[in-house]
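Undergrad: Generate a structure from the sequence data that follows.
(2 chains, ligands or ions: 2)
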Amino acid sequence: MLLDVKNIAIHYGAIQAVKDMSFTVEDGEIVTLIGANGAGKSSALHAISGMLRPSAGDILFQNESILKEPAYKIVQKGISQVPEGRRIFANLTVLENLKMGAYINKNKSQVRQDIERTFERFPRLEERKDYRAGTLSGGEQQMLAIARALMAHPKLLLLDEPSMGLSPILVQEIFRIIRDINEDGVSILLVEQNAQLALAIANRAYVLETGKILYEGEAKSLLLDDRIKQAYLGG
Amino acid sequence: MYFVVQLLNGLQLGAIYALIALGYTMVYGVIKLINFAHGDLMMMAAYFALIAMAKGAHPLLALAISIIMTTVLGVLIERIAYKPLRKSSRLSALITAIGVSLLLQNVAMLIWGSGAKTYPNLQASLPSFNIGHNTISSLSIITVVLAVLVMIGLYFFVEKSKVGTAMRAVSEDMEAAELMGINVNHTISATFAIGSALAALAAFLLCAAYPQVTPYIGAMPGIKAFIAAVIGGIGIVPGAMVGGFILGIIEALTKGFIPSQYSALSDAVVFAILIVVLLIKPSGIFGKVQGEKV
Ligand SMILES: Nc1ncnc2c1ncn2[C@@H]1O[C@H](COP(=O)(O)OP(=O)(O)OP(=O)(O)O)[C@@H](O)[C@H]1O
Ligand SMILES: [Mg+2]
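TA: Ligands and ions are numbered 1, 2, ... in the order given. I've put the predicted structure just below:
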């Protein structure tokens, strides 16, 4: 088991955002968390990344608890996140953004190779490498956010709504990239509101509602499930 | 000739303001805190160097000791007083900074008394030149050159080095920086360490020129350096330097050409310039329009 989230609860002051939530990601899998606004998807990812502490439960990564680790240690252990809304550093250049993604890597020549490989995968980023990242288009920014997270060589990549605000063609492109990354051996935990696409690409899925897991199962079978169809796939 | 001498005095004073302003601007740039205790940290640095010299240390050794102690103190202040407030409102952090400022003044008063202590006359041991009837100390030139070199070094550090880039990343989005594996606590400590070390250098150069130390010597230069940072564009390294020099020159020229009974006017001029700059360009001379958030 790569990631094992066990019965976590998350509070923001008096508000409980996540209640007794459990899910797992196996080596090599794409797992998706789907659910409406406010279901607690981002909160769960932030707990995994060490950005907030669950008030109950445990999170195991490669059979070790990472609950008490600071965020930067969790990146070192092999979990990177592409946060909701991309959160690229708009005033840094594209190249500097990639270098910040590789912050934990002290081997400069390897970082240089990684940047070259990134540019092979995302040629558009190479053309814009010395521009401020804030000047990129939405799609380019999403590519940069993904490329930046990959610079840390994650074993598990957390993606929070990568399709947000992108045109259908770009969404297809991003999902093709996600599948590519997975084929390179990176396990993926994908948070999406676009349930149709997420279920099409994932091995397994969890459906969240108001902080709880409502359904879980093989993505293919959830795609055909009438309850899911009605609530999340537009009938 | 008198004008040239006053100009040089202004550059010397401005260099000192600039060194202090760099500390304000670095800290503001990274965590958006106006560290009101920064001037008082400089005052503590002056005492550290003074004590070291009183114990027989060579002035340069005393400077090194002062830099180390001030750096440790600056980093500790951030850890103890500011870090717990990182997620609170900016106002509470600002009020804490004012509290730390008063605390440092009172601690200095308790330990060293409120009376003025005399600094060794370092200037006398340095060569000086005569221009007409006026004497120019090489201290002025050393101060200016040192400040400019430090500013250039800091600029390249912030723009080119990995830690400097991380500082800019933290400045822009602390959470995203954490998600990249940047140790935000270390990055902020590094920022305070640099600012504190520069304050110690400024204290040494200030007391070499005006050889008296009291618990209050940090207050006025602290405020002026803050104004310099704002005029130049707070958060921007070259801005702090330019702002510092502008302020120093204006102050020296008004003091030099206004009858001495009105010399307090020079401070009024400084504040007036701040207001004018802020009216014309609120983000300061080098200030950029805020980077668009996407
Ligand atoms: N910083 C915060 N302070 C207080 N409440 C919060 C905070 N962040 C999230 N919440 C609340 O926690 C709940 C879950 O939010 P979360 O962002 O995890 O949902 P989400 O599933 O990611 O939603 P979306 O699809 O809109 O991104 C919501 O009710 C939200 O209002
Ligand atoms: Mg969310």
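
Undergrad: Can you name the residue of the stretch 101-250 of chain B nearest chain A?
TA: The minimum distance from the stretch 101-250 of chain B to chain A, using C-beta to the nearest C-beta, falls at B:Gly181 (3.2 Å). Where you see a C-beta, it was placed from the backbone N, CA and C, and this is true even at glycine.

Undergrad: how about the nearest residue to that residue, chain neighbours excluded?
TA: A:Val75 (3.2 Å; C-beta to C-beta, 6 or more residues apart in numbering or on different chains).

Undergrad: which SSE is the residue most central in space within chain A in?
TA: Relative to the mean C-alpha position of chain A, the nearest C-alpha, by C-alpha atoms, centre = their mean, is the one of A:Leu159, at 1.6 Å. The secondary structure element spanning A:Leu159 is strand A:156-160 (assigned by DSSP states H and E).

Undergrad: what angle do whichever helix or strand comes after that strand and strand A:156-160 make?
TA: Along the chain past strand A:156-160, the next helix or strand (assigned with DSSP H and E) turns out to be helix A:168-183. Here helix A:168-183 runs at an angle of 160 degrees relative to strand A:156-160 (axes from the mean of the first three to the mean of the last three C-alpha atoms, to 10 degrees).

Undergrad: helices or strands up against helix A:168-183?
TA: If you count contacts as 3 or more C-beta pairs under 8 Å, 6 or more residues apart in numbering or on different chains; DSSP states H and E, helix A:168-183 packs onto strand A:30-35, helix A:138-150, strand A:187-192, helix A:195-201.

Undergrad: Looking at the ones you listed, which is nearest to B:Met241?
TA: Closest to B:Met241 of the helices and strands packed on helix A:168-183 is helix A:138-150 (C-beta to C-beta; 32.3 Å).

Undergrad: chain center to that closest one: distance?
TA: The offset between the C-alpha centroid of helix A:138-150 and the centroid of the whole chain comes to 12 Å, using C-alpha atoms, centre = their mean, to the nearest Å.

Undergrad: Format the CA atom coordinates belonging to that helix as PDB.
TA: Taking only C-alpha atoms (Å, rounded to 0.1, in the frame of the first residue of the first chain), the coordinates of helix A:138-150 have been written out as PDB:
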ATOM      1  CA  GLY A 138      -4.300  29.300 -18.200                       C
ATOM      2  CA  GLY A 139      -3.400  26.000 -19.900                       C
ATOM      3  CA  GLU A 140       0.300  26.800 -19.900                       C
ATOM      4  CA  GLN A 141       0.100  27.600 -16.200                       C
ATOM      5  CA  GLN A 142      -1.600  24.300 -15.400                       C
ATOM      6  CA  MET A 143       1.200  22.500 -17.400                       C
ATOM      7  CA  LEU A 144       3.800  24.500 -15.400                       C
ATOM      8  CA  ALA A 145       2.100  23.600 -12.100                       C
ATOM      9  CA  ILE A 146       2.200  19.900 -13.000                       C
ATOM     10  CA  ALA A 147       5.800  20.100 -14.400                       C
ATOM     11  CA  ARG A 148       6.900  22.000 -11.200                       C
ATOM     12  CA  ALA A 149       5.400  19.300  -8.900                       C
ATOM     13  CA  LEU A 150       7.100  16.600 -11.000                       C
END
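
Undergrad: can you tell me if that helix touches chain B.
TA: Yes. On the criterion C-beta under 8 Å from any C-beta of the partner chain, helix A:138-150 is in touch with chain B at A:138, A:141, A:148.

Undergrad: Tell me which other helices or strands that helix touches.
TA: Checked by 3+ C-beta pairs under 8 Å, 6+ apart, helix A:138-150 has strand A:79-82, helix A:94-101, helix A:108-121, helix A:123-127, strand A:156-160, helix A:168-183 packed alongside it.

Undergrad: Check these for me and report the most buried one.
TA: Taking mean count of other C-beta atoms under 10 Å in any protein chain shown as the contact definition, the stretch among the helices and strands packed on helix A:138-150 with the greatest mean neighbour count is strand A:79-82, which reaches a mean of 29.

Undergrad: who's in contact with that strand?
TA: Here strand A:79-82 makes contact (C-beta atoms under 8 Å, 6 or more residues apart in numbering or on different chains) with A:3, A:45, A:48-49, A:61, A:66, A:101, A:145-146, A:148-150, A:152, A:154-160, A:162, B:179, B:181.

Undergrad: Go ahead and list the helix or strand containing the residue of the stretch 101-250 of chain B closest to chain A.
TA: Per DSSP H and E: nothing holds B:Gly181, as it lies in no helix or strand.

Undergrad: Cross-check the contact I'm expecting between it and A:Tyr72.
TA: Yes. Applying C-beta atoms under 8 Å, one finds B:Gly181 in contact with A:Tyr72, separated by 4.7 Å.

Undergrad: shared neighbours, these two?
TA: In the contact map built from C-beta under 8 Å, 6+ apart, the residues linked to both B:Gly181 and A:Tyr72 are A:Ile104.

Undergrad: Comparing the two, which residue is more hemmed in?
TA: B:Gly181 (24 against 21; other C-beta atoms under 10 Å in any protein chain shown).

Undergrad: Okay, the more buried one and A:Leu223: tell me how far apart.
TA: Using C-beta to C-beta, to the nearest Å, we find B:Gly181 at a distance of 35 Å from A:Leu223.

Undergrad: can you pull up the bridge partners for A:Phe213?
TA: Wrong residue type there; residue A:213 is Ile, not Phe. A:Leu208 (DSSP bridges).

Undergrad: and if you look at the one 4 residues further on?
TA: Each beta-bridge partner of A:Gly217 is listed here: A:Ala205, as defined by DSSP bridges.

Undergrad: who in the stretch 151-294 of chain B is up against chain A?
TA: On the criterion C-beta under 8 Å from any C-beta, chain A has as its neighbours in the stretch 151-294 of chain B the residues B:162, B:165-166, B:168-169, B:172-173, B:175-184, B:291-294.

Undergrad: from those residues, which ones fall inside helices?
TA: Using DSSP state H to define helices, the subset of those located there is B:162, B:165-166, B:168-169, B:172, B:175-179, B:184.

Undergrad: Skipping its backbone neighbours, what lies nearest B:Phe271 in space?
TA: B:Ile227 (7.3 Å).

Undergrad: element containing whatever residue of chain A ends up closest to ligand 2?
TA: With C-beta to the ion, the shortest gap between chain A and ligand 2 falls at A:Ser42, namely 3.0 Å. Per DSSP H and E, A:Ser42 falls inside helix A:41-48.

Undergrad: what helices or strands is that helix leaning on?
TA: For helix A:41-48, the contact count by 3+ C-beta pairs under 8 Å, 6+ apart identifies strand A:3-12, strand A:15-25, strand A:30-35, strand A:79-82, strand A:156-160, strand A:187-192 as packing neighbours.

Undergrad: now the angle from that helix to strand A:3-12?
TA: Put simply, helix A:41-48 runs at 110 degrees to strand A:3-12, going by the same axes, to 10 degrees.

Undergrad: right, is helix A:41-48 up against ligand 1?
TA: Yes. Helix A:41-48 lies within reach of ligand 1 by C-beta under 6 Å from any ligand atom, at A:41-43.
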